[in-house]
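Novice: sequence and predicted structure are below.
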Amino acid sequence: MIDQTERSLEPARVRLYSKGVRTMKVLFIGGTGLISRAVSRLAVERGIDLVLLNRGTRSEAVPEGARVIQADIRDPQTEEILADEAFDVVVDWISFSPEHTKADIARFLGKTRQFVFISSASVYQKPMTQYLITESTPLANPYWQYSRDKIESEELLMEAYRRDGFPITIVRPSFTYGDTMIPAALNSWGHPWSLVDRMRRGKKIIVHGDGTSLWTMTHNTDFAHGFIGLLGNPLAIGHAFHITSDEVLNWNQIYQIIGQAAGVTPDLVHIASDFIVAAVPEHEGGLIGDKTPSGVFDNQKIKRLVPDYQAKVSFAEGMRRTIAWFESHPQRMSVDEGWNREMDGILQAYQAGVEALSRLR
């Protein structure tokens with residue numbers, strides 16, 4: 001099967017190398033998101049011939065030297081746009097459903113030497129049976145549909161690899177942040193400055209559980225170094241990798257570090273995850289299905305293939321950079337008042353419960 005795939009790649013080789021072009025040509029579907037923009041920048045710096053296929057809504061995130069194909073991968077007409085293109089590596093940053101994955105397999109089977117699927121570390125077994133997560137940790141998450149869709153997509157890709165030689169590599173990021181993200185278990189995704197604003201106004205900050213479960217935060221520039229080392233690496237075919245920092249913090253430390261970077265001491269209130277989910281069911285996936293259990297990762301596998309990979313940005317340094325970035329872009333310091341009301345509602349319900357218990361004593 002592999003030989004058939006190799007033969008089917010001959011036209012791609014002719015198109016890529018007939019004019020003497022020897023650099024690796026890579027297609028990023030997406031490529032301007034929080035994680036992928038750091039990878040895109042590093043790819044260009046490393047001399048990769050990078051093409052981004054996206055709708056062109058984040059032009060400020062496109063690094064100089066990358067070429068953009070403005071199109072929607074979900075639009076059938078995009079097939080015609082890509083018909084005359086050939087890529088050594090294809091990375092889909094925006095595949096979120098099994099249907100997206102099936103379309104990718106149909107579109108790129110026999111047309112690339114490596115297809116990289118961006119999964120999620122949230123696919124790992126919940127509840128956990130062992131605190132240290134490796135790539136062989138079972139995949140099962142009954143709490144989050146997002147994770148179940150990623151698991152099903154991984155299974156489709158592995159089947160295509162075994163059956164047809166589809167040259168897949170699976171990457172599972174955990175909580176990865178950068179300049180534009182204040183990472184926390186509870187924050188407004190669209191308006192991440194909301195958490196810092198709340199801290200600076202002296203409002204209470206909810207921490208799930210007692211704040212002592214362990215977690216790993218990874219800066220997007222560190223993730224990029226590990227990721228780039230997998231591109232074009234034949235030893236990565238057929239394998240899954242997570243790429244995280246080795247710095248392990250508990251959630252109390254995480255919120256305290258964010259507050260320190262913001263110049264304040266946050267007023268933390270500990271509330272059980274089950275209580276938070278009972279108040280706002282939409283948090284079940286992100287909490288019970290992801291951040292309530294400890295997230296400690298064994299990175300030996302990525303380090304074997306990318307020996308120089310080492311996460312260098314501590315969370316404290318990353319938060320200093322992020323706070324500074326927001327303060328230099330005041331237009332991005334927007335506040336989600338709906339999120340604030342949600343947090344206040346949970347706190348009021350919790351306080352009412354505490355007061356009710358005190359009356360029973």
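Specialist: Received it, and whenever you're ready, just let me know what you need.
Novice: low-confidence stretches in the stretch 251-361 of the chain?
Specialist: Applying pLDDT under 70 to the predicted model, the stretch 251-361 of the chain contains no residue that meets it.
Novice: make it 90
Specialist: Counting by pLDDT under 90, the low-confidence segments of the stretch 251-361 of the chain come to 358, 360-361.
Novice: that one: strands as residue ranges?
Specialist: Across the stretch 251-361 of the chain, reading from the start of the chain, the strands by DSSP state E, counting those that start in this stretch fall at 267-271, 296-297.
Novice: just the helices from the protein, written as ranges.
Specialist: 2-8, 10-17, 36-45, 78-82, 98-108, 145-164, 193-200, 220-228, 251-262, 273-279, 284-286, 300-305, 315-328, 337-360 (DSSP state H).
Novice: and those helices: which comes nearest Met181?
Specialist: Of all these, the one in closest proximity to Met181, counting by CB to CB, is helix 315-328 (6.9 Å). Yep, even glycine has a C-beta here, placed from its N, CA and C like the rest.
Novice: which one of the strands of the stretch 251-361 of the chain is the most hemmed in?
Specialist: The densest packing among those, expressed as mean neighbour count by mean count of other CB atoms under 10 Å, is seen in strand 296-297 with a mean of 21.
Novice: low-confidence stretches in the stretch 1-150 of the chain?
Specialist: Judged by pLDDT under 90, the stretch 1-150 of the chain has its weakly predicted residues at 1-23, 31-32, 55-62, 75-81, 83-84.
Novice: hang on, the earlier thing: got JSON lines for the strands of the stretch 251-361 of the chain, with distance to Asn54 too?
Specialist: Formatted as JSON lines, the entries for those read as follows, by distance: least, CB to CB, whole Å:
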{"stretch": "strand 267-271", "distance to Asn54": "39"}
{"stretch": "strand 296-297", "distance to Asn54": "29"}
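Novice: figure out which of the ones you listed is closest to Arg67.
Specialist: Distance to Arg67, taken as CB to CB, is lowest for strand 296-297 among the strands of the stretch 251-361 of the chain, at 34.0 Å.
Novice: name every strand pairing with that closest one and say which way it goes.
Specialist: According to DSSP bridges, the neighbouring strands of strand 296-297, each with its direction, are strand 132-133 (parallel).
Novice: name the residues that touch the partner strand?
Specialist: Outside of strand 132-133, the residues that reach it under the criterion CB atoms under 8 Å, 6 or more residues apart in numbering are 121, 124, 242, 295-298.
Novice: same thing with stretch 194-205?
Specialist: So stretch 194-205 is contacted by 182, 184, 186-188, 255, 258-259, 262-264, 266-269, 323, 326, 333-336, 339-340, 343-344, 347 (CB under 8 Å, 6+ apart).
Novice: can you check stretch 221-230 too?
Specialist: For stretch 221-230, the external contacting residues (CB under 8 Å, 6+ apart) are 35, 38-39, 41-43, 46, 48, 116, 169, 171, 173, 176, 178, 236, 241, 243-245, 302, 305-306, 308-313.
Novice: state the mean pLDDT of it.
Specialist: When pLDDT is averaged over stretch 221-230, the result is 98.
Novice: ok, and for that stretch, which residues are buried?
Specialist: Of the residues in stretch 221-230, those scored as buried under the neighbour-count criterion (16 or more other CB atoms under 10 Å) are 221-230.
Novice: go on, stretch 256-270?
Specialist: By neighbour count, with 16+ other CB under 10 Å as the criterion, the buried positions of stretch 256-270 are 256-262, 266, 268.
Novice: would you turn those into JSON lines with distance to Gly289?
Specialist: Shown next, in JSON lines, are these (distance: CB to CB, whole Å):
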{"residue": "Gln256", "distance to Gly289": "25"}
{"residue": "Ile257", "distance to Gly289": "24"}
{"residue": "Ile258", "distance to Gly289": "23"}
{"residue": "Gly259", "distance to Gly289": "26"}
{"residue": "Gln260", "distance to Gly289": "29"}
{"residue": "Ala261", "distance to Gly289": "28"}
{"residue": "Ala262", "distance to Gly289": "28"}
{"residue": "Pro266", "distance to Gly289": "25"}
{"residue": "Leu268", "distance to Gly289": "23"}
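Novice: so which of these comes closest to Gly286?
Specialist: For Gly286, the closest of these turns out to be Ile258, at 17.2 Å, with distances computed as CB to CB.
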